[in-house]
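Asks: I would like to see how this sequence folds:
(chains A and B)
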Amino acid sequence: MTLEIVGISVLWLFLFGYIIVASIDFGAGFFSAYSEIANKKHVIHQVIQRYLSPVWEVTNVFLVFFFVGMVGFFPKTAYYYGTILLVPASISIILLAIRGSYYAFSTYGIKDNKWYMFLYGMTGVFIPASLSIVLTISEGGFVRIHHGEPTLLYKQLFVSPFTWSVVLLSLTSVLYISANFLTYYANAAGDERARDLLRRYALVWSGPTILSALVIIYQLNHHNVEHYTKMMDVSWMLVVSFLFFILSLYLLIKKRYFGWSFVSLVMQYAFAFYAYGISHYPYLLYPYLTIYDSFTNKTMAIALVIAFIAGLFLLIPSLFLLLKLFLFDKKYVKGQI
Amino acid sequence: MYDPVLFSRILTELTLTFHIIYATIGVGVPLMIAIAQWVGIRKNDEHYILLARRWTRGFVITVAVGVVTGTAIGLQLSLLWPNFMNLAGQVISLPLFMETFAFFFEAIFLGIYLYTWDRFNDPKKHFLLLIPVAIGSSASALFITIVNAFMNTPQGFELKNGMITNIQPLVAMFTPAMPTKVAHVLTTAYMTSAFVLASIAAFHLLKGNRHPYHKKALHLTVKAALIFSLATIVVGDLSGKFLAKYQPEKLAAAEWHFETSTHAPLVLFGTLDEKNDVKNAIKIPSALSILAHNQPSAEVTGLNDIPKEEQPPLYIHYLFDLMVLIGIWLTVIAALYWAGMKKRLAFTMKKSFLMQLVFSGPLAMLAIEIGWYFTEVGRQPWILRGYMKTAEAATKSAHVDTLLVVFSLLYLVLGVASVVVLTKMFRNNPVERELEERGLNQGGVSS
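Replies: Model (predicted):
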């Protein structure tokens, strides 16, 4: 295993972590805002707030970790993506800012400002949409290099059906992942009404996620044949992913083992995400940038890997403590402390 | 004519100007909370515990904005300065990477600390959770400042034909600028946070609220502020010596010292005429030589020895003087308060003096801003001193001007909202009421 692959694997893992925890967070925000408008606030608001409050900051760090690590391991991405993403990433920053400030302002300060609540709920769908653009761009076809200067072709990006299917998948996934997790959480909290409502949301969004995923695979064949062909080489992973989807859905329908339903959902996404990632190899940006020509030097890579391992020794116990106190503590989940 | 370099500079300046307020509070306040909670536990005095609780509540708001603006600057480094990150990323990404770990660590424990106030029977256990928060936030400052120090005195690599070779990540981290810069950032963050909290206490006392809670708060914060101010003076002196040796052009421009000479005077304020002669200034003979090398007869490099195109703008002289002046003024105020309390003199509770204490927080924050302008502008025209100029580093993309407007609006909204939320939060829940709810309105000492 080369250092390049170690580097990208670590980053891919963190991106996956971000996708899961952020989806829960984004979707929760959306459901929270939606329930406010649909007058169902009393049903699910409590459960969502109890889960979100202690962990919101942690979610953001996953993202920061990903892009800082990216620039660390693959400094050329700073040049290519930095230049191309000026506008899209700035939009994401602003949306993240609205979201981040909402937490603090509403949870600890201003209570129940409907307008802000609405904005916050909307960021839950706009942030994933704006971030998913990066994956779309990485497929190539939306960047022109002129005298060594990359520019983003906004028009092509905007009218491409591929862009919109990725956006669609990101939105449906956010809502599905989040509803599934919160069903488990509400169940653990012993709040049956919230559980049943959230379970219904999860069921509603399960079909659209899998459909939009299929649409993307179909469109990839037209947009980037090379990637599509390589993805078909690991098609067994997609099959496994689909089986986990069925299992997760089955448990949800049967109203049993909500925890396991969520675990298989994570597996479903992991297999799909890694199938996508592995077949994307070695490109970071089709066809200009691979993990090899953008890689930092060996010394720095080793230093980063060492720092990463040392960091994990610090983080894993701390994360475990956080989960133990808030996620797996029956009394806390049930609202008794 | 659209100039992406100019707009990139303004946007970065704006983001940092805004971020540094929250970052400074983020680094300093956890330490102050820890001190208050510790004193409270030791003295078994609920007033200090409540102090820690209330500071924590306010702190959360500032952390949230700090996270948001920190993410913004983290991304903007690559978005606005892609060429710089492409080059520097190969050498200095290690501390950037470590900073995310430090912040991760801080975020996790802050979350735990916030939601476990009454969950432990032994208050010391809860206090222990704060230690990782304080360590994490100071470590974040350490790592980020290491990157900034690298920009001032880069080392640990070789640049040949645009290719970077022979990279030593640790050498790049421990640059000559690093010790003084890190020490300066940390001590001033602690000092500023202490003064900001002192301002709040002084404000209540000035309004005529003589509750012992506020008196204890003022006493604790000003004492801490005095200690950190004295530390800052020592570090500031060392920083001057560092500059003289490794970045003489910055010191020379800060001091309007043009001719290399011995017995160099310290120039305070003043103006320059067209021949670059200093007018209307207060000059302290040999003081610059002492600042630079601890000897009145020492030789200090003048600006005329630096190539014209590598000289920083001369207006940094005012920034430097203002920063130092505010620092000294604040130290004097804190020392007067301390002496007054020691000798039980009445002036410490006089309105005019309390007024000075009210202003101390904003002034300290102003000095932080001015100090950063000084050091950043003082590095110009370089972004990576000796290797890359700021103009070469910036993006060539369109729309930076539009983004500047959008981000200005964002920061305005965030700034106003955070102030409104903070005031509301404390006004709706005054100290007296909270003490009453906790059944402790009398002595403050509970068993």
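Asks: now do the phi/psi pair for B:Ile164.
Replies: phi -90, psi 130 (degrees, to the nearest 10).
Asks: measure it to B:Phe150 for me?
Replies: 13 Å (Cβ to Cβ, to the nearest Å). Where C-beta positions appear, they are placed from N, C-alpha and C, glycine not excepted.
Asks: find the residues that touch each one of those two.
Replies: B:Val91 (Cβ atoms under 8 Å, 6 or more residues apart in numbering or on different chains).
Asks: so what's the nearest residue to B:Met355 once chain neighbours are set aside up against?
Replies: In this structure, B:Met355 finds its nearest non-sequential neighbour in B:Leu206, 6.5 Å apart by Cβ to Cβ, 6 or more residues apart in numbering or on different chains. Contact partners of B:Leu206, counting by Cβ under 8 Å, 6+ apart, are B:Lys351, B:Leu354, B:Met355, B:Val358.
Asks: from these, which is closest to B:Leu404?
Replies: B:Leu404 lies nearest to B:Val358 out of these, by Cβ to Cβ, at 33.8 Å.
Asks: isn't the closest one up against B:Leu197?
Replies: No - between B:Val358 and B:Leu197 there is no contact under Cβ atoms under 8 Å: 11.9 Å.
Asks: in terms of neighbours, single out the busier of the two.
Replies: Between B:Val358 and B:Leu197, B:Leu197 has the larger neighbour count (other Cβ atoms under 10 Å in any protein chain shown), namely 27 against 20.
Asks: residue contacts, the more buried one?
Replies: Taking Cβ under 8 Å, 6+ apart, we find B:Leu197 in contact with B:Val29, B:Met32, B:Trp55, B:Ala217, B:Thr221, B:Gly361.
Asks: now the fifth one: closest residue in space that isn't a chain neighbour?
Replies: Leaving aside its chain neighbours, B:Thr221 sits nearest to B:Ala198 (3.9 Å; criterion: Cβ to Cβ, 6+ apart).
Asks: at which residues are the helices of the chain located?
Replies: Assuming you mean chain A. A:3-37, A:41-73, A:76-84, A:86-108, A:114-138, A:154-159, A:161-188, A:192-223, A:225-233, A:235-253, A:258-280, A:298-326, A:330-333 (DSSP state H).
Asks: not what I meant, chain B
Replies: B:4-43, B:46-80, B:82-114, B:123-152, B:169-173, B:178-206, B:212-246, B:248-255, B:287-293, B:316-342, B:351-377, B:390-393, B:400-427, B:431-437.
Asks: what packs against the longest one?
Replies: Packed against helix B:4-43 by the contact rule (3 or more Cβ pairs under 8 Å, 6 or more residues apart in numbering or on different chains; DSSP states H and E) you find helix B:46-80, helix B:123-152, helix B:178-206, helix B:212-246, helix B:351-377, helix B:390-393, helix B:400-427.
Asks: quick one, the fourth one and helix B:351-377 angle?
Replies: Right, helix B:212-246. Helix B:212-246 runs at 30 degrees relative to helix B:351-377, counting by axes from the mean of the first three to the mean of the last three Cα atoms, to 10 degrees.
Asks: packing partners for helix B:212-246?
Replies: Applying 3+ Cβ pairs under 8 Å, 6+ apart, one finds that helix B:212-246 makes contact with helix B:4-43, helix B:46-80, helix B:178-206, helix B:248-255, helix B:287-293, helix B:316-342, helix B:351-377, helix B:431-437.
Asks: for A:Phe65, find the nearest of those.
Replies: For the helices and strands packed on helix B:212-246, proximity to A:Phe65 was assessed by Cβ to Cβ; helix B:46-80 is nearest, at 10.3 Å.
Asks: how about that closest one, does it reach chain A?
Replies: Yes - with Cβ under 8 Å from any Cβ of the partner chain as the measure, helix B:46-80 is seen reaching chain A through B:57, B:60-61, B:63-65, B:67-72, B:74-80.
Asks: could you list every residue that touches whichever residue of the stretch 201-350 of chain B sits closest to chain A?
Replies: Here the residue of the stretch 201-350 of chain B nearest chain A is B:Phe203; by Cβ to the nearest Cβ that distance is 19.4 Å. By Cβ under 8 Å, 6+ apart, B:Phe203 lies in contact with B:Val358.
Asks: same question for stretch A:125-140: list its buried residues.
Replies: Counting neighbours by 16 or more other Cβ atoms under 10 Å in any protein chain shown, one finds that the buried residues in stretch A:125-140 are A:125-134, A:136-140.
Asks: any regions of the stretch 101-250 of chain A where pLDDT drops low?
Replies: Residue ranges of the stretch 101-250 of chain A with pLDDT under 70: A:107-113.
Asks: how far off centre is stretch B:111-118?
Replies: How far stretch B:111-118 lies from its chain's middle: 27 Å, per Cα atoms, centre = their mean, to the nearest Å.
Asks: stretch B:142-154 now?
Replies: Offset of stretch B:142-154 from its chain centre (Cα atoms, centre = their mean): 15 Å.
Asks: next one: stretch A:277-284
Replies: 18 Å.
Asks: same question for stretch B:428-440.
Replies: 33 Å.
Asks: return the residues in contact with B:Ser397.
Replies: Residues near B:Ser397 by Cβ under 8 Å, 6+ apart: A:Thr83, A:Leu86, A:Val87, A:Thr151, B:Pro4.
Asks: look up phi and psi at it.
Replies: Dihedral angles (degrees, to the nearest 10) for B:Ser397: phi -70, psi 160.
Asks: how close does it sit to A:Tyr79?
Replies: In terms of Cβ to Cβ, B:Ser397 sits 12 Å off from A:Tyr79.
Asks: repeat that for A:Ser206.
Replies: Distance of A:Ser206 to A:Tyr79, given as Cβ to Cβ: 40 Å.
Asks: neighbour count for these two, which is higher?
Replies: Neighbour count, other Cβ under 10 Å: between A:Ser206 and A:Tyr79, A:Tyr79 has more, with 25 against 21.
Asks: ok, now which ones touch that one?
Replies: With contacts defined as Cβ under 8 Å, 6+ apart, the neighbours of A:Tyr79 are B:Pro82, B:Asn83, B:Met85, B:Asn86.
Asks: which of those residues ranks first by neighbour count?
Replies: Most crowded among these, counting by other Cβ under 10 Å, is B:Pro82 at 31 neighbours.
Asks: wait, that one touches A:Gly82, no?
Replies: Yes - if you go by Cβ under 8 Å, B:Pro82 and A:Gly82 touch, sitting 3.5 Å apart.
Asks: what does the stretch 301-447 of chain B put close to chain A?
Replies: B:395-397, B:399-400, B:403, B:406-407, B:410, B:414, B:417-418, B:420-422, B:424-425.
Asks: buried ones only from these, please, as a ChimeraX command.
Replies: Command for ChimeraX that selects the buried part of these, burial taken from 16+ other Cβ under 10 Å:
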select /B:395,397,400,403,406,407,410,414,417,418,421,422,425
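Asks: neighbours of the closest residue to B:Lys250 other than its chain neighbours, how many?
Replies: Closest residue to B:Lys250 apart from its sequence neighbours, by Cβ to Cβ, 6+ apart: B:Gly378 at 4.1 Å. If you count neighbours by other Cβ under 10 Å, B:Gly378 ends up with 21.
Asks: could you do the one 5 residues further on as well?
Replies: Other residues near B:Ile383 come to 22 when the count uses other Cβ under 10 Å.
Asks: try the one 10 residues further on
Replies: By the other Cβ under 10 Å criterion, the neighbourhood of B:Ala393 contains 21 residues.
Asks: list the residues that contact it.
Replies: If a contact means Cβ under 8 Å, 6+ apart, then B:Ala393 has B:Trp81, B:Asn83, B:Phe84, B:Ile383, B:Leu384 as its contacts.
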